[in-house]
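J.: this is a predicted model, with the sequence first.
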Amino acid sequence: MIDKTRANVTEAVAEVFDGATVMIGGFGEAGSPIELIHALIDQGARDLTVISNNCGSGEVGLAALLKAGRVSKMICSFPRTANSTVFPDLYRSGKTKLELVPQGTLAERIRAGGAGIPAFYTPTAVGTPLANGKESRRFHDRDYLLEYGLTADFTLIKAKRADTHGNLVYNKTARNFSPIMAMAGQVTIVQAAELVSPGELDPEAVITPEIFVDHVTHVPNPAHESELVAAGATYP
């Protein structure tokens with residue numbers, strides 16, 4: 001078995017390169033790997049395509065990565081939320097492109113990518129502007145759109161507990177997109193609030209097995225996005 005631990009978040013994201021596609025876990029605040037994102041800002045990779053549920057809040061986490069000018073394209077379901085102050089201006093100015101994907105379709109595109117399924121048909125978005133330019137086909141008197149699986153060069157996710165081999169347990173709804181993103185990333189990087197030795201995790205509780213994880217780093221007191229936004233925090 002391989003010890004997949006990295007000394008800190010800086011070391012964990014060191015391999016991310018310019019032009020990479022990066023999946024970032026999180027459903028709003030829940031499960032957002034803020035420390036890894038901030039380390040990626042410090043690392044300096046540019047021209048990133050980011051796949052995530054949303055575009056962050058305030059000027060921390062994913063929103064800070066956008067504000068730093070590191071993201072050339074977002075693929076997401078909710079580009080604008082109550083505290084989304086960064087992305088709307090970037091999009092209107094043409095500095096960051098957007099591919100809008102219905103949330104269920106986004107989840108299935110990621111799951112399909114991780115499972116090696118190149119494409120699938122779905123009725124979601126038929127008859128809407130999101131159908132423009134997409135192949136359609138009729139099955140059993142209903143129209144469907146062809147959607148392609150999504151993969152990434154890197155995946156950044158947050159876990160509650162991890163062992164040094166990369167087995168992961170999540171904190172309730174903070175699990176969200178993380179298990180399927182871990183499968184769809186070529187290199188999956190994890191920040192964990194607790195890091196334990198192999199054998200200390202109940203195998204029945206493991207959600208993401210070690211085969212899908214490449215790097216794990218210990219972040220014992222992870223930041224909460226809502227608290228940072230409420231305090232007016234910015235990064236860097």
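T.: Looks like it arrived, so ask away. Numbering: from 1, shown residues only.
J.: how about stretch 120-132: buried residues?
T.: 120, 124-125, 130 (16 or more other CB atoms under 10 Å). (Glycine included, C-beta is placed from N, CA and C.)
J.: which of those residues lies closest to residue 168?
T.: Nearest to residue 168 among these is residue 120, at 26.3 Å by CB to CB.
J.: quick check on that closest one: phi, psi?
T.: Dihedral pair for residue 120: phi -160, psi 160, per degrees, to the nearest 10.
J.: show me the contacts for it.
T.: Neighbour list for residue 120: 108, 112, 146-147, 149 [criterion: CB atoms under 8 Å, 6 or more residues apart in numbering].
J.: from what I can see residue 117 touches residue 149, true?
T.: Yes - if you go by CB atoms under 8 Å, residue 117 and residue 149 touch, sitting 5.3 Å apart.
J.: those two: who's more crowded?
T.: Neighbours around residue 117 and residue 149, counted as other CB atoms under 10 Å, are more numerous at residue 149. The numbers are 18 against 13.
J.: that older thread, show me which of the buried residues of stretch 120-132 is closest to residue 217.
T.: Nearest to residue 217, judged by CB to CB, of these is residue 120 at 34.1 Å.
J.: which SS class is residue 50?
T.: Put simply, residue 50 is strand when judged by DSSP: H, G, I helix; E, B strand; the rest coil.
J.: in the chain, which spans are helices?
T.: Secondary structure of the chain (DSSP state H): helices at 9-12, 34-43, 61-67, 87-92, 103-115, 178-184, 225-230.
J.: where does pLDDT dip in this protein?
T.: Along the chain, the parts satisfying pLDDT under 70 run over 1.
J.: dump the contacts of residue 120 into TSV; add distance to residue 96 as well.
T.: Shown next, in TSV, are the contacts of residue 120 (distance: CB to CB, whole Å):
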residue	distance to residue 96
108	24
112	25
146	26
147	22
149	23
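J.: farthest-separated two in those?
T.: The farthest-apart pair in the contacts of residue 120, when distances are taken by CB to CB, is 108 and 146, at 12.4 Å.
J.: more neighbours, the two?
T.: Between residue 108 and residue 146, counted using other CB under 10 Å, the more crowded position is residue 108 (20 against 12).
J.: could the helices of the chain be laid out in TSV, adding distance to residue 20?
T.: TSV is the format used below for these (distance: least, CB to CB, whole Å):
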stretch	distance to residue 20
helix 9-12	14
helix 34-43	10
helix 61-67	12
helix 87-92	19
helix 103-115	15
helix 178-184	14
helix 225-230	23
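J.: out of the ones you listed, nearest to residue 191?
T.: Comparing these under CB to CB, the one sitting nearest is helix 34-43, at 5.1 Å.
J.: the closest one packs against which elements?
T.: helix 9-12, helix 61-67, strand 152-163, strand 185-196 (3 or more CB pairs under 8 Å, 6 or more residues apart in numbering; DSSP states H and E).
J.: what about 7 Å?
T.: Judged by 3 or more CB pairs under 7 Å, 6 or more residues apart in numbering; DSSP states H and E, the packing partners of helix 34-43 are helix 9-12, helix 61-67, strand 185-196.
J.: what does it contact?
T.: Helix 34-43 is contacted by residues 9-10, 12-14, 16, 24, 60-62, 64-65, 68, 70, 156, 189, 191, 219, 222-223, 225, 235-236 when judged by CB atoms under 7 Å, 6 or more residues apart in numbering.
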